[in-house]
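Student: how would this look folded up:
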Amino acid sequence: MYYTYVIQNEAKEFYIGYTANLEKRLADHNAGSNQSTKNHKWELVYYEAYLSEKYARKREQTLKKNRRMSAFFMKRVKESLSY
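Tutor: Coordinates of the predicted model:
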């Protein structure tokens, strides 16, 4: 199984990525193993599961590069976090 995921840090910033192991990847982000996410505490706030790595990666790229889709998607994620 492969995952496209969204994590959020204590400053309410978001990061979108993909992985085959959500727990390990989140631990890597929190350990500072990723240049883009180091020096922050991250929490998993959303994920989608795929059988194919190709589709998980494609979804990640689409969310990062398509501004209109990204804005709509992130609005949904942010709304789901305001309770």
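
Student: tell me how far the lengthiest helix in the chain lies from the chain's centre.
Tutor: Longest helix in the chain, counting residues (DSSP state H): helix 67-81. Mean C-alpha position of helix 67-81 versus that of the full chain (Cα atoms, centre = their mean, to the nearest Å) differs by 12 Å.

Student: may I see the buried residues of it?
Tutor: residue 73 (16 or more other Cβ atoms under 10 Å). Bear in mind the C-beta positions are built from the backbone N, C-alpha and C, glycine included.

Student: and that helix, what does it pack against?
Tutor: Contacts defined by 3 or more Cβ pairs under 8 Å, 6 or more residues apart in numbering; DSSP states H and E place helix 67-81 against strand 2-9, strand 42-50, helix 53-65.

Student: between strand 2-9 and that helix, find me the angle.
Tutor: Between helix 67-81 and strand 2-9, the angle comes out at 70 degrees (axes from the mean of the first three to the mean of the last three Cα atoms, to 10 degrees).
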